[in-house]
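Student: What follows is a protein structure lacking sequence information:
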């Protein structure tokens with residue numbers, strides 16, 4: 001997860017194609033944006049919120065990135081969490 005203070009946002013990395021499986025017209029997802037692969041710059045793995053440093057792109061990792069793991073979130077689980085948080089759980 002990435003912190004983006006300029007937009008007062010948190011970003012999640014999900015596997016390519018995840019957004020295609022999400023509902024596109026749900027009113028409760030109006031503040032959820034998907035960007036294409038390679039369209040955003042990622043900070044160096046050592047730039048974390050705890051360290052108080054950010055990359056030039058303005059982002060920082062919320063937790064230290066584990067280089068031996070893929071830094072993506074399961075798209076279905078993320079959608080379920082978003083909908084539950086918004087009071088729209090299924």
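Tutor: Okay, I see it. The structure presented is a predicted model; accordingly, all values stated were derived computationally and were not measured. Numbers count the residues shown, from 1 in each chain.
Student: make it CA atoms for all contacts and neighbour counts henceforth
Tutor: Fine.
Student: For the helix or strand harbouring residue 81, buried residues please.
Tutor: Using DSSP states H and E, residue 81 sits within helix 75-85. Using 16 or more other CA atoms under 10 Å as the test for burial, helix 75-85 gives 75, 79, 82.
Student: ok, the first one - contacts?
Tutor: Right, the one you point to is residue 75. Shown in contact with residue 75 (CA atoms under 8 Å, 6 or more residues apart in numbering): 14-15, 18-19.
Student: ok, now how distant is it from residue 59?
Tutor: Between residue 75 and residue 59 the computed distance is 21 Å (CA to CA, to the nearest Å).
Student: coming back round to it: just the closest of the contacts of residue 75 to residue 48, please.
Tutor: residue 14 (19.1 Å; CA to CA).
Student: So what's the residue count around the closest one?
Tutor: When counting by other CA atoms under 10 Å, one arrives at 19 neighbours for residue 14.
Student: Kindly report the same for the one 5 residues further on.
Tutor: Residue 19 has 17 neighbouring residues, counting by other CA under 10 Å.
Student: per-residue pLDDT, the closest residue to residue 15 other than its chain neighbours?
Tutor: Leaving aside its chain neighbours, residue 15 sits nearest to residue 72 (6.2 Å; criterion: CA to CA, 6 or more residues apart in numbering). Residue 72 is assigned 81 on the pLDDT scale.
Student: What of residue 40?
Tutor: So, for residue 40, pLDDT stands at 69.
Student: Let me have the contacts of residue 75 in JSON lines, extended by distance to residue 51 and secondary structure.
Tutor: Formatted as JSON lines, the contacts of residue 75 follow (distance: CA to CA, whole Å; DSSP: H, G, I helix; E, B strand; the rest coil):
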{"residue": "14", "distance to residue 51": "24", "secondary structure": "coil"}
{"residue": "15", "distance to residue 51": "27", "secondary structure": "coil"}
{"residue": "18", "distance to residue 51": "31", "secondary structure": "helix"}
{"residue": "19", "distance to residue 51": "31", "secondary structure": "helix"}
